[in-house]
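S.K.: Sequence first, predicted coordinates after that:
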Amino acid sequence: MIDRSTLKSAAELALNLLGEEHPIKHQPSKGARYVLRTRSGAMELMLEKNIDVPTNIWMHQDQAAGLIGKGVAHKLSSARKLYKVLGANGKLRYGRHSALEDMPELGTADLVYFIPKTFTELGVVLDYLVGL
């Protein structure tokens, strides 16, 4: 089994080569925000960097449709679930990773995040992104 930090480092290195840092920048230890140029235009993407969670790669659900069912675990994140729970401060909580909230295309959209557990699965995600 491959070590989580090694897989995250490989994902971050590959995304640094495929895309560019999002204009709102990365969160140093929490999330790496990207803009990828595709044949159909630009797309936003976010990689969770926190070592305590899996290598979650977030993208717009519409842009991920062709990757669902290709053997990489994923979870859907509906926009309908945002801002539904009160935080300790009495304000509504966003409900997703904080790095997503300020991203114009992803912040309030229906999203999916892929959870590659091996280099092969990471390669499936990356190959898909390259083919867009």
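M.R.: That came through fine.
S.K.: Spatially nearest residue to Ser5, not counting backbone neighbours?
M.R.: Of all residues not flanking Ser5 in the chain, Ile51 sits nearest, at 5.6 Å (C-beta to C-beta, 6 or more residues apart in numbering). In short, each C-beta sits where N, CA and C put it, glycine included.
S.K.: In this protein, what helix or strand scores lowest on average pLDDT?
M.R.: Of all the helices and strands that make up the chain, strand 85-86 has the lowest average by mean pLDDT, DSSP states H and E, namely a mean of 92.
S.K.: chain center to the helix or strand that that strand is followed by: distance?
M.R.: Scanning the chain past strand 85-86 towards its C-terminal end, the next helix or strand to appear is strand 92-93 (assignment: DSSP states H and E). Here strand 92-93 is found 21 Å from its chain centre; the criterion is C-alpha atoms, centre = their mean, to the nearest Å.
S.K.: Show me what strand 92-93 is in contact with.
M.R.: Contacting residues not belonging to strand 92-93 are listed as Tyr83, Lys84, Val85, Leu86, Gly87 [C-beta atoms under 8 Å, 6 or more residues apart in numbering].
S.K.: which residues sit in contact with Lys75?
M.R.: Contacts for Lys75 (C-beta under 8 Å, 6+ apart) come out as Val112, Tyr113, Ile115.
S.K.: Read off the pLDDT value for the spatially closest residue to Leu111 that is not a sequence neighbour.
M.R.: Spatially, and ignoring its direct neighbours in sequence, Leu111 is nearest to Ser77 (4.4 Å; C-beta to C-beta, 6+ apart). We note a pLDDT of 97 for Ser77 in this prediction.
S.K.: wait, Ser77 sits on Arg96?
M.R.: Yes: counting by C-beta atoms under 8 Å, Ser77 does reach Arg96; the two are 6.0 Å apart.
S.K.: anything in contact with each of those two?
M.R.: Contact with both Ser77 and Arg96 is made by residues Leu111, according to C-beta under 8 Å, 6+ apart.
S.K.: how far away is the residue nearest to Ser5 from Leu82?
M.R.: Between Ile51 and Leu82 the distance, using C-beta to C-beta, to the nearest Å, works out to 26 Å.
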